Structure formats: structure tokens, C-alpha cells
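Trainee: starting from these lines, generate the structure:
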Amino acid sequence: QVQLGELGGGLVQAGGSLRLSCAASGRTFSTVVMGWFRQAPGKERDFVAAITWAGGTTYYADSVKGRFTISRDNAKKTVYLQMNSLKPEDTAVYYCAAGGFAAWPTGKYDYWGQGTQVTVSS
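Mentor: Numbers count the residues shown, from 1 in each chain. Got it, this is the predicted structure:
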């Protein structure tokens with residue numbers, strides 16, 4: 001099993017920035033890909049960004065390209081999501097996820113965090 005814990009959500013004004021972090025523990029050697037997803041009220045969960053542990057290859061949803069940056073610290077087994085130029089439509093619960101090769105980039109993720117709320121006010 002892999003445990004994921006997100007930190008860093010909160011309330012920010014439009015145009016502001018937040019950084020989310022996700023610490024992985026347990027059988028992390030079984031994971032290849034880390035991803036961020038988000039779910040707004042009344043909507044389905046959407047993919048945001050993904051990164052590979054090994055090479056740091058990244059992939060982004062079109063809606064966040066140029067504004068969000070995903071990165072990882074292999075030594076700390078932690079993944080980050082730097083969110084800049086935030087918009088009210090970015091308001092959602094953000095989830096960290098981990099998976100094997102089948103997860104890349106928007107596929108089957110095996111492990112999920114509990115989520116952290118991000119609210120962007122206009």
C-alpha cells in the first residue's frame with residue numbers, strides 16, 4: 001500500500017498563488033507516476049497534471065498549462081503543484097494520486113490522497 005497526504009490548500013484571491021504538496025509513504029517503489037486531479041462541486045474529477053518519478057517528465061491539462069507547475073523531490077518522496085495566476089474556476093478539491101505505468105498520464109491511478117480544498121475568490 002501507498003499512503004498519500006496533501007497539504008497546502010486554502011483561500012486565495014484571483015491572480016494569486018498557492019503551492020500544494022503531496023508526501024508519499026509506504027510501498028512507494030511500486031509507483032511510477034504521480035498526478036494531481038481536482039473536483040469542483042457538482043462536477044466530475046478532472047486531471048490536472050502528472051509527473052514521473054524517474055525522469056521528471058511532466059504532462060498538463062490544457063486548462064492549467066502555463067499557470068501550474070508540477071515537480072517532485074525524489075529524496076523526500078514528495079510532489080508539488082505550484083499554482084500561479086489562479087482563477088475562480090480553479091476552485092476545487094485537489095487530489096494527489098499515484099500509480100504504475102498504466103497511470104501515465106491520465107490513466108489508471110491506484111492510490112489517492114484525501115484531498116485539499118482550494119478556493120479562489122473573485
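
Trainee: where's L18 relative to L81, distance?
Mentor: L18 sits 8 Å away from L81 when distances are taken as C-beta to C-beta, to the nearest Å. C-beta here means a position set from N, CA and C on the backbone, and glycine is covered the same way.

Trainee: compare those two (neighbour count), which wins?
Mentor: Neighbours were counted for L18 and for L81 using other C-beta atoms under 10 Å; L81 has more, 27 against 21.

Trainee: tell me how many other residues surround A54.
Mentor: A54 has 10 neighbours, counted by other C-beta under 10 Å.

Trainee: ok, for it, nearest residue in space, not its chain neighbours?
Mentor: Distance criterion C-beta to C-beta, 6 or more residues apart in numbering; nearest residue to A54, sequence neighbours excluded, is V32 at 7.2 Å.

Trainee: what does V120 give?
Mentor: Of all residues not flanking V120 in the chain, L86 sits nearest, at 4.6 Å (C-beta to C-beta, 6+ apart).

Trainee: center of the protein, which residue is that?
Mentor: Residue closest to the mean C-alpha point of the chain, counted by C-alpha atoms, centre = their mean, is W36 at 2.3 Å.

Trainee: not counting its own residues, what contacts whichever strand or helix holds that one?
Mentor: Assigned by DSSP states H and E, W36 belongs to strand 33-39. Contact with strand 33-39 is made by 20, 22, 24, 45-53, 70, 72, 79, 81, 90, 92-101, 103-106, 109, 115, 118, as judged by C-beta atoms under 8 Å, 6 or more residues apart in numbering.

Trainee: so how do I select the buried members of these in ChimeraX?
Mentor: Burial among the contacts of strand 33-39 is assessed by 16 or more other C-beta atoms under 10 Å; the matching ChimeraX selection reads:
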select :20,22,24,47,48,49,50,51,52,53,70,72,79,81,90,92,93,94,95,96,97,98,99,103,104,105,109,115,118
